[in-house]
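S.K.: sequence unknown, structure follows:
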């Protein structure tokens, strides 16, 4: 039994002890996405007071679909950032994927599921090539992805045609961003999220108990379960409110289809990072690549794979982007990569590698979207909007640099 | 394998970097249950010799015998498979991971692709307990939060966990205070007493004479002395290190 060992596992103690440990970790610099969450609450309060529209269901649904593309991109980028690398090409990869999606459907009459698979596979292939150049040739990722950023803009011009615009008319693709799910689906979604959390938690507790391991206090599980239920129920019931401009003509209520898509990506990605060997190796290479290499981890394979993941997420983001705009133009995706990097960093993913989670990217994506959305509602000039987003990014990067320095010197 | 067959024996090992010969016909052998010290001045070739054993930088020429059989060491994986583990001065651990993660780095245990955290956790705790480690409080601490001695302890415990036959320690006490040095040296002694072949590289002759059974001296890429601790003294070893004294080895 581990409780007879002099060495603890960090799971001992009561619910209150766990709370105290958490506070101690935060004070020690392991803040995670806490600053971003606090920032989100503060920003939302300010905007809600300044303009009541901010809290309207229509605006909230808008916010979700505005942030979905950037958030998806940011989740993929998190894998790359965890290695201390960067992927500047993610945005244009999304754009190129969207262009391929549109062109295969409109010019070659390909069915939408196959077109979507082609678009996502193209992203994966781009990631493989970038990863190969970074890991095997040894070119810094900044340069490789900057080159890709420039080259793919050109390629997209060729694909789309100068000044051109390709429309998307496949209803399922358009539905992702523009059509809400039936009201009941929102509640079913919440039930699935809640039950899978409860199920995996109870399963891992059983396993620990059967091998004589100390479990975390039950209070944590209950606390988190209640939190998921309360927050989730709030989201679903709010999104199920009528938000159509003219309900008598067209009713608009329910959770947008993009929400379960982002949640699935978040869940799968988080599982890979936390519960698989590959995920552990990503953190190890990001923390100390040389130590990882000496431990027998195939560092270049990990590098190539994270770039493939990032670009695959970019491919999915491209489909979301095409869905939202119902079309793809020659410049699609050019500007969103910097927002996505900002989202990840603001959420608490370290630029130095080895620290961060996918949920950080999601929270950071919300912060960026709320700033954009809220400042727009207040009616500030868009120049100021960019300046404030830049300021928030700089603030987050400063916190990141200080935390990283602290943990290196301690 | 007879009891006096060395676990590792190097014969006429050579290594050059361009025109610079770093190892010139070096012979070296290590026995189980003994602490073998490898000493020498900066640039004598200690690190190069160790990197060859670790499979990081293969030797250009020479024979490697492992338990009497010739082997090739061309990758860290090959060394690890034979049971040779190197505990590096400061390159061993990932600061952003906890003790369990670090001890199982590169050899994580998984059930159907899912990491078996519970099992790894208890194995790590048991290993630390078996080494009478008292300085580490929780195995779920991040390595970034540990002191130099604790980090060294984790790195050594990692080698023990994997049941390695040969544990190579690169300057294990270089950055430590007096009390921590004492603890780490005791740990090194316990490793050898548990039947492992331990190689320790050190600049600190005090430490070497405290813990080692046998002392090898490298001087400008040549093995100039191989002596039992009981048959030598610090003044002689200093002589070998500086090149003032020479003893033909392995002739």
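M.R.: Alright, I've got the coordinates. The structure displayed is predicted, hence computed values, not measured ones.
S.K.: Neighbours of residue 51, how many?
M.R.: Just going to use chain A. 16 (other Cβ atoms under 10 Å in any protein chain shown). From N, CA and C alone the C-beta is placed, and that goes for glycine too.
S.K.: if you could check chain B rather than the one you did, that'd help
M.R.: Using other Cβ under 10 Å, residue B:51 has 18 neighbouring residues.
S.K.: Report the contact partners of it.
M.R.: Each residue near residue B:51 by Cβ atoms under 8 Å, 6 or more residues apart in numbering or on different chains is listed here: residue B:57.
S.K.: Next, the buried residues of the helix or strand hosting it.
M.R.: Take DSSP states H and E as the rule and residue B:51 turns out to sit in helix B:46-54. Buried positions in helix B:46-54, judged by neighbour count with 16 or more other Cβ atoms under 10 Å in any protein chain shown: B:46-54.
S.K.: Stretch A:133-144 too?
M.R.: Of the residues in stretch A:133-144, those scored as buried under the neighbour-count criterion (16+ other Cβ under 10 Å) are A:133-135, A:141, A:144.
S.K.: swap in stretch B:204-219?
M.R.: Residues of stretch B:204-219 classed as buried under the neighbour-count rule (16+ other Cβ under 10 Å) are B:204-205, B:207-208, B:210-219.
S.K.: Repeat that for stretch A:216-229.
M.R.: Buried residues in stretch A:216-229, counted by 16+ other Cβ under 10 Å: A:216-217, A:220-221.
S.K.: Could you count how many residues lie near residue 95?
M.R.: Just so you know, I chose chain A. A count of neighbours around residue A:95, defined by other Cβ under 10 Å, yields 31.
S.K.: my bad, the chain I had in mind was chain B
M.R.: Quick note: residue B:95 (other Cβ under 10 Å) scores 20 neighbours.
S.K.: for it, phi and psi?
M.R.: In this entry, residue B:95 is assigned phi and psi values of phi -60, psi -30 (degrees, to the nearest 10).
S.K.: Residue B:63 now?
M.R.: Note on residue B:63: its backbone torsions stand at phi -110, psi 140 [degrees, to the nearest 10].
S.K.: confidence score at it?
M.R.: The predicted local confidence for residue B:63 comes out at a pLDDT of 92.
S.K.: For the residue in the stretch 151-251 of chain B positioned nearest to chain A, which non-adjacent residue is spatially closest?
M.R.: Nearest to chain A in the stretch 151-251 of chain B, going by Cβ to the nearest Cβ, is residue B:158, at a distance of 8.9 Å. In space, residue B:158 comes closest to residue B:103 once its chain neighbours are excluded; the distance is 4.6 Å by Cβ to Cβ, 6 or more residues apart in numbering or on different chains.
S.K.: What about the residue of the stretch 51-200 of chain A found nearest chain B, how many residues nearby?
M.R.: In the stretch 51-200 of chain A, the residue that lies nearest chain B is residue A:82 (9.4 Å; Cβ to the nearest Cβ). Neighbouring residues of residue A:82 were enumerated by other Cβ under 10 Å; the total is 27.
S.K.: ok, and the closest non-adjacent residue to it?
M.R.: The shortest distance from residue A:82 to any residue that is not its chain neighbour, by Cβ to Cβ, 6+ apart, is 4.5 Å, and that residue is residue A:286.
S.K.: Can you report how many residues lie near that neighbour?
M.R.: Under the neighbour criterion other Cβ under 10 Å, residue A:286 is assigned a count of 27.
S.K.: quick one: contacts for it?
M.R.: If you count contacts by Cβ under 8 Å, 6+ apart, then residue A:286 has A:82-84, A:353-355, B:96 around it.
S.K.: Please identify which of those is nearest to residue A:116.
M.R.: For residue A:116, the nearest member of these is residue A:82. The distance, counting by Cβ to Cβ, is 26.9 Å.
S.K.: check contacts around the residue nearest to residue A:296 when sequence neighbours are not counted.
M.R.: Across the structure, with Cβ to Cβ, 6+ apart as the measure, the residue nearest residue A:296 apart from its sequence neighbours is residue B:106 (4.1 Å). Counting by Cβ under 8 Å, 6+ apart, residue B:106 touches A:281, A:284, A:292, A:295-297, B:80.
S.K.: Let me know the secondary structure of residue B:106.
M.R.: Taking DSSP: H, G, I helix; E, B strand; the rest coil as the rule, one finds residue B:106 in the coil state.
S.K.: How about residue A:351?
M.R.: coil.
S.K.: Where does pLDDT dip in chain A?
M.R.: Within chain A, the set of residues satisfying pLDDT under 70 comprises A:1-7, A:9-10, A:162-163, A:407-410.
S.K.: Same question for the stretch 51-200 of chain B.
M.R.: Along the stretch 51-200 of chain B, segments meeting pLDDT under 70 span B:90-91.
S.K.: Could I get the full set of helices for it?
M.R.: B:76-82, B:99-103, B:117-130, B:148-161, B:178-193 (DSSP state H, counting those that start in this stretch).
S.K.: Tell me which other helices or strands the longest one touches.
M.R.: The elements that helix B:178-193 packs onto, with contact taken as 3 or more Cβ pairs under 8 Å, 6 or more residues apart in numbering or on different chains; DSSP states H and E, are strand B:35-40, helix B:148-161, strand B:197-201, helix B:205-211.
S.K.: buried residues in it?
M.R.: Of the residues in helix B:178-193, those scored as buried under the neighbour-count criterion (16+ other Cβ under 10 Å) are B:180-181, B:183-185, B:187-192.
S.K.: Also the first one?
M.R.: By neighbour count, and taking 16+ other Cβ under 10 Å as the criterion, the buried residues in helix B:76-82 are B:76, B:78-80, B:82.
S.K.: ditto for the shortest one
M.R.: Along helix B:99-103, the positions that meet the burial threshold by neighbour count (16+ other Cβ under 10 Å) are B:99-103.
S.K.: And that helix, how far out from the chain middle?
M.R.: The offset between the C-alpha centroid of helix B:99-103 and the centroid of the whole chain comes to 19 Å, using Cα atoms, centre = their mean, to the nearest Å.
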